[in-house]
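Asks: Quick one: sequence and predicted model below, then my questions.
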Amino acid sequence: MIRIWGRVNSVNVQKVLWCCDELSLPYDRVDAGLHFGRNTEADYLAMNPNGKVPTLEDGDFVLWESNAIIRYLAMQYGPQSGLYPEAPRLRASVDRWMDWVLSTLQPVERGVFWGMVRTPPEKRDMAAIQKSADDAGKLWLMVDAHLQGREFLEGEGFTLADIVLGAYCRRFIELDGIRRPETPRVQAWYDGLKKRPAFQRHIAPALT
């Protein structure tokens with residue numbers, strides 16, 4: 001049985017749960033992180049010395065880092081699913097977006113999400129939050145241009161790239177109280193993702 005350590009309101013845990021659902025994989029999830037604790041205890045740190053979530057246990061195999069986890073799940077349990085295409089150029093294109101989210105988008109969007117969701121209204125620095133939103137908006141305009149003529153980020157079908165970027169899109173495009181640029185192609189792509197049952201189960205619940 002697959003075991004996933006992590007809280008459901010972590011975007012990185014959500015990516016893993018969404019992937020499991022798309023692959024129809026059964027799993028056991030254990031709350032960990034923030035107010036649940038566990039991730040600073042010795043037994044957890046023995047699995048994941050970063051002390052972050054998620055961590056995957058698959059029998060005697062332990063893996064951390066959410067993008068590594070979903071790549072493993074797709075290769076191990078869904079090689080024909082199309083989630084992680086085998087064709088080298090298409091796979092590299094999927095990897096590009098997954099890496100870009102971690103290296104470029106996430107650091108920029110963090111200021112928006114933490115400022116608007118995790119900070120009480122009376123303590124928000126709206127000028128700083130909007131500056132982060134403006135910087136994030138420039139990145140989403142890049143995605144919008146890429147999506148011209150496309151239903152999915154890469155290739156003809158839904159892939160891990162859509163999972164990773166879609167989870168972060170939820171945290172930006174549906175926030176109230178910030179200004180965003182017009183991104184009609186991103187909106188159409190995101191509206192398509194919202195119809196997926198796995199998105200509705202793991203990504204759509206209220207931001208916390």
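Replies: Sure thing, it's come through.
Asks: Give me the mean pLDDT for the top helix by length along the chain.
Replies: For the chain, the longest helix by residue count, based on DSSP state H, is helix 126-146. The pLDDT scores in helix 126-146 average 97.
Asks: Please apply the same query to stretch 92-109.
Replies: Averaging pLDDT along stretch 92-109 yields 97.
Asks: repeat for stretch 2-22
Replies: The pLDDT scores in stretch 2-22 average 97.
Asks: And for stretch 61-80?
Replies: Rounded mean pLDDT across stretch 61-80 is 98.
Asks: So which bits of that stretch are buried?
Replies: By neighbour count on 16 or more other C-beta atoms under 10 Å, the buried set for stretch 61-80 is 63-67, 69-74, 77-78. For glycine as for every other residue, the C-beta is placed from the backbone atoms N, C-alpha and C.
Asks: what's the span of that stretch, first residue to last?
Replies: 22 Å (C-alpha to C-alpha, to the nearest Å).
Asks: So which residues make contact with that stretch?
Replies: Residues from elsewhere that reach stretch 61-80 (C-beta atoms under 8 Å, 6 or more residues apart in numbering): 12-13, 15-16, 19-20, 22-23, 25, 47-48, 50, 52, 54-56, 58, 81, 83-84, 86, 98-99, 102, 160, 163-164.
Asks: if I look at the most far-flung residue of the chain relative to its centre, how far off is Gly115?
Replies: Note on the chain: the largest C-alpha distance from the chain mean falls to Glu122, namely 28.4 Å (C-alpha atoms, centre = their mean). Separation of Glu122 from Gly115 (C-beta to C-beta, to the nearest Å): 13 Å.
Asks: what ranges do the helices span in the chain?
Replies: 11-22, 42-47, 66-77, 88-100, 106-116, 126-146, 160-173, 184-194, 197-202.
Asks: any idea how far Ser132 is from Leu105?
Replies: Ser132 is 11 Å from Leu105, by C-beta to C-beta.
Asks: just Arg171 next, same as before
Replies: 10 Å.
Asks: Over to Glu22?
Replies: From Glu22 over to Leu105 (counting by C-beta to C-beta), the distance is 21 Å.
Asks: just Ser10 next, same as before
Replies: 16 Å.
Asks: And Thr159, by the same measure?
Replies: 17 Å.
Asks: Break this protein down into its structural domains.
Replies: Domain assignment for the chain by automatic domain parsing gives 2-77, 88-200.
Asks: Okay, now the shortest one: how far is its last residue from its first?
Replies: Length of domain 2-77, first residue to last, C-alpha to C-alpha: 11 Å.
Asks: cool, stretch 100-108 as well?
Replies: OK, stretch 100-108 end separation, C-alpha to C-alpha: 11 Å.
Asks: residues of it that come out buried?
Replies: In stretch 100-108, counting by 16+ other C-beta under 10 Å, buried: Trp100, Val101, Leu105, Gln106, Val108.
Asks: again, but for stretch 188-198
Replies: So stretch 188-198, judged by 16+ other C-beta under 10 Å, has buried residues Trp189, Tyr190, Leu193, Arg196, Ala198.
Asks: rewinding a little: could you dump the buried residues of stretch 61-80 into TSV and include distance to Asp176?
Replies: Output for the buried residues of stretch 61-80, formatted as TSV (distance: C-beta to C-beta, whole Å):
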residue	distance to Asp176
Leu63	36
Trp64	33
Glu65	31
Ser66	27
Asn67	29
Ile69	31
Ile70	29
Arg71	34
Tyr72	36
Leu73	33
Ala74	34
Tyr77	38
Gly78	36
